[in-house]
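In: dropping the sequence and predicted coords here.
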Amino acid sequence: MSTRFYPQFKILLVDDETSFLRSMSLTLERQGYNNLITSSAPEDVQGIINSEKVGLVLLDLTMPVISGQELLTWFTEEHPDITVIIFSGLNQVDAAVECVKKGAFDYIVKTADQEQILESIKRAIHTQELNLENHALRAQLLSNTLKQSDCFDAIITANAQMHSVFRYLESIGQSNQPLLITGESGVGKELIARATHAASKRHGELVTVNVAGLDDNIFSDTLFGHSKGAFTGADKQRSGLVERASGGTLFLDEIGDLSPTSQVKLLRLLQEGEYYPIGSDRPKRIEARVIVATHQNLAERQQEGKFRKDLFYRLRTHRVDIPPLRERSEDIPLLLRHFMRIACEEMGKETLKIPKNLAPRLIQYPFPGNARELRALVYDSVSQSQGEVLDTRPFDPLLEQTDIRNFSEEKVTFSENQPLPTLNQLSEILVNEAMLRANQNQSLASQMLGISQPALSKRLKNMKDANIE
Ligand SMILES: Nc1ncnc2c1ncn2[C@@H]1O[C@H](COP(=O)(O)OP(=O)(O)OP(=O)(O)O)[C@@H](O)[C@H]1O
């Protein structure tokens with residue numbers, strides 16, 4: 001079995017006192033920090049930094065040959081992206097201030113309480129992880145392309161905002177911090193969680209739990225497992241889904257509906273990185289990345305007192321909001337074709353032809369149930385289709401409100417006291433509205449307006465020229 005190293009970068013311990021190196025390494029390993037290198041020779045540090053992926057350095061202040069002060073200066077000048085904590089045998093305020101001014105993350109007295117030392121190291125690791133993620137994010141956003149586009153293949157979209165969501169997700173793919181996915185019901189949050197797991201390259205599996213309506217006992221038992229005899233009926237030990245997701249991703253869906261008691265347990269899991277199986281007093285470490293999703297507005301739930309503020313802040317370290325389908329109408333024709341193809345395949349039918357006027361009608365419908373609603377309609381249509389063409393009758397009821405055929409003159413009112421718009425002005429208003437509804441897709445907008453695409457393109461050009469003069 002391969003050992004999993006944590007954190008993802010190396011922690012370098014430098015001290016000429018080998019006994020301190022040994023005891024510190026043991027303390028850190030016991031806490032699950034096993035990606036360590038030690039050195040008792042400060043003169044070797046530069047070589048180590050050049051050959052290893054070090055992210056955090058614990059540096060003794062007083063050493064022969066090269067002092068910790070000198071090395072700290074070298075780090076801040078040459079490697080400002082590495083976090084340095086200074087260790088010293090002396091509790092000197094002046095030295096501490098000097099080191100922090102020079103760029104040290106913290107100054108720790110070796111004799112300090114172990115809790116305090118570990119807390120500082122934990123904060124430094126967290127900060128360094130965020131630094132690395134920021135770097136990756138910047139590089140990703142600047143490059144404007146996806147390195148692992150295949151991870152996102154299952155998500156059909158031509159929308160620019162969705163593509164920037166993918167780039168963001170790819171850049172934070174390997175982060176250990178939680179990810180919060182929000183968006184209306186049916187927008188594809190679960191697909192997003194799957195794609196993020198694939199982009200994370202974690203070898204473990206993606207384990208999904210819908211936490212809505214789980215009472216606290218079931219939540220704890222499902223996630224954390226129990227020891228033998230923990231409660232009546234617990235006749236053998238059972239591990240929970242946190243363990244099953246080891247080396248992979250734990251996806252908690254409908255997190256906005258988590259009970260208050262379970263919220264405390266989730267917060268502890270995320271903050272401390274550990275949990276207790278029911279009936280056990282031995283903590284276990286979580287080895288999975290946590291992704292949560294909700295269709296609820298968590299900020300509002302938190303203000304109403306239904307969601308813990310501290311958990312809300314912890315969960316939103318990384319977050320993405322998936323736009324509703326009505327705000328990316330260019331995806332409607334693509335999804336229509338996609339769902340039709342997979343429905344035909346599943347029902348063993350030949351691919352059907354889609355009537356040309358269907359997509360322009362559909363993009364005027366607000367789709368409160370988003371892609372899920374469109375999918376259900378397409379499946380219904382495919383199952384009812386007899387010939388070569390998709391039977392669009394299942395769409396009729398919902399299109400009645402928006403359908404152009406129901407457009408009646410009585411609905412249009414012009415105020416008596418105001419002059420009428422000219423035909424040219426009215427045509428400009430219509431063209432602009434159609435382009436807006438079609439998300440600037442000329443082919444769809446032209447179908448809505450009942451003209452050809454070249455005719456629309458000509459009109460747009462004329463409108464632009466007229467506005468410039
Ligand atoms: N962009 C997309 N491309 C392909 N399929 C999609 C897309 N968006 C959603 N779907 C499909 O629509 C259905 C609903 O998606 P999903 O379950 O991911 O939504 P959700 O946001 O998690 O919903 P809920 O909030 O109700 O849990 C699924 O069958 C999914 O495969």
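Out: That came through, no problem.
In: for this protein, which residues are neighbours of the ligand?
Out: 155-157, 183, 185-191, 253, 295, 335, 338, 371-372, 375 (Cβ under 6 Å from any ligand atom). C-beta: built from backbone N, CA, C; applies to glycine.
In: inside helices: which ones of these?
Out: 189-191, 335, 338, 371-372, 375 (DSSP state H).
In: just the buried ones from those?
Out: Neighbour counting by 16 or more other Cβ atoms under 10 Å classes 189-191, 335, 338, 371, 375 among these as buried.
In: turn these into CSV, columns for pLDDT.
Out: What follows is those, written out as CSV (pLDDT from 0 to 100):
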residue, pLDDT
Lys189, 97
Glu190, 97
Leu191, 97
Leu335, 96
His338, 95
Ala371, 97
Arg375, 97
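In: can you name the two of these that sit furthest apart?
Out: Greatest spacing in these, by Cβ to Cβ: Lys189 and His338 (17.7 Å).
In: residue in this protein nearest to the ligand?
Out: Using Cβ to the nearest ligand atom, Gly188 is the residue of the chain that sits closest to the ligand, at 2.8 Å.
In: dump the residue contacts of the closest residue to that residue other than its chain neighbours.
Out: With sequence-adjacent residues excluded and distances taken as Cβ to Cβ, 6 or more residues apart in numbering, Gly188 is closest to Ala371, at 5.6 Å. Contact analysis of Ala371 by Cβ atoms under 8 Å, 6 or more residues apart in numbering lists 186-188, 325, 331, 335.
In: can we see that at 7 Å?
Out: Counting by Cβ atoms under 7 Å, 6 or more residues apart in numbering, Ala371 makes contact with 186-188, 325, 335.
In: pLDDT weak spots in the stretch 1-150 of the chain?
Out: Within the stretch 1-150 of the chain, the segments meeting pLDDT under 70 span 1-4, 140, 142-144.
In: for it, which segments count as helices?
Out: With helices called from DSSP state H, counting those that start in this stretch, the stretch 1-150 of the chain shows them at 18-30, 45-51, 68-78, 93-102, 114-143.
In: by contact count, what packs against the shortest one?
Out: Applying 3 or more Cβ pairs under 7 Å, 6 or more residues apart in numbering; DSSP states H and E, one finds that helix 45-51 contacts strand 36-39.
In: what residues does the strand it packs on touch?
Out: Strand 36-39 has contacts (Cβ under 7 Å, 6+ apart) with 10-14, 21, 25, 28, 45, 48, 52.
In: now that strand - C-alpha only, CSV.
Out: Taking C-alpha atoms only, strand 36-39 is exported to CSV below (Å, rounded to 0.1, in the frame of the first residue of the first chain):
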residue,chain,number,x,y,z
LEU,A,36,9.4,15.8,6.6
ILE,A,37,13.1,16.4,5.9
THR,A,38,15.5,17.1,8.8
SER,A,39,18.9,18.7,8.6
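In: picking up where we left off before, can you add distance to Val382 and give the ones in helices among the residues of the chain next to the ligand back as CSV?
Out: Shown next, in CSV, are these (distance: Cβ to Cβ, whole Å):
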residue, distance to Val382
Lys189, 25
Glu190, 22
Leu191, 21
Leu335, 14
His338, 12
Ala371, 16
Arg372, 16
Arg375, 11
